[in-house]
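S.K.: I'd like to go over a predicted model; first the sequence, then the structure.
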Amino acid sequence: MKKTVDTLFVLVLMTLGACSTSNSNENQTNFGKAIDTSGAIQISEAVALLSTTDSTECIVVGEVTSVCQGEGCWFKLKQEQGEDVLVLTREQSFSVPKNLSGKSVFLQGVIHWEKGAGNDTTSREPVILADGVIIR
């Protein structure tokens, strides 16, 4: 009898422990390559890195302001100062949901300078080629 009570007690504790364990990743959706979000920086910090180099690998966190409504192959991240930053999926290897605007994302990729659009060949704008995106 004692063994049955002990076994039952252990099972109850294991069940309660399993119920109270939370997975911090359960409310996220991944696109592209799996990424580690530790060490993520704000988009403005990533743009600031371009003051000393033409391109750099980074993990960025930010808020999406707009998304390609055709295929979900690009989106823009809100920047507090300056224009929003364009994010392209590297080699169009994945796409993101078209309803991503207003949501927070983590992404890993390379931020670099691209020439501005139109006839102005002197302007440059930051662009990120993303290898992976996590929506939270």
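M.R.: That came through fine. Since the model is a prediction, treat every value here as computed from it, not as a measurement.

S.K.: what about stretch 56-69, average pLDDT?
M.R.: Regarding stretch 56-69, the rounded mean pLDDT is 96.

S.K.: neighbours of residue 66, how many?
M.R.: Residues near residue 66, counting by other CB atoms under 10 Å, number 15. The C-beta positions use only the backbone N, C-alpha and C, and glycine is treated the same way.

S.K.: chain neighbours aside, what residue packs nearest to it?
M.R.: The shortest distance from residue 66 to any residue other than its chain neighbours is 4.9 Å, reached at residue 76 (CB to CB, 6 or more residues apart in numbering).

S.K.: under the pLDDT cut-off, which ranges of the protein? List them.
M.R.: Residue ranges of the chain with pLDDT under 70: 1-26, 118-121.

S.K.: same thing but 80
M.R.: Across the chain, the ranges flagged by pLDDT under 80 are 1-27, 116-122.

S.K.: separation between the residue nearest to residue 66 and residue 116?
M.R.: 15 Å (CB to CB, to the nearest Å).

S.K.: surely the residue nearest to residue 66 is within a strand?
M.R.: Yes - counting by DSSP: H, G, I helix; E, B strand; the rest coil, one finds residue 76 located in a strand.

S.K.: mind listing what the most centrally placed residue in the chain touches?
M.R.: Against the mean C-alpha coordinate of the chain, by CA atoms, centre = their mean, the closest residue is residue 106 at 1.8 Å. Residues near residue 106 by CB atoms under 8 Å, 6 or more residues apart in numbering: 35, 37, 40, 59-61, 133-134, 136.

S.K.: thanks a lot, see you next time.
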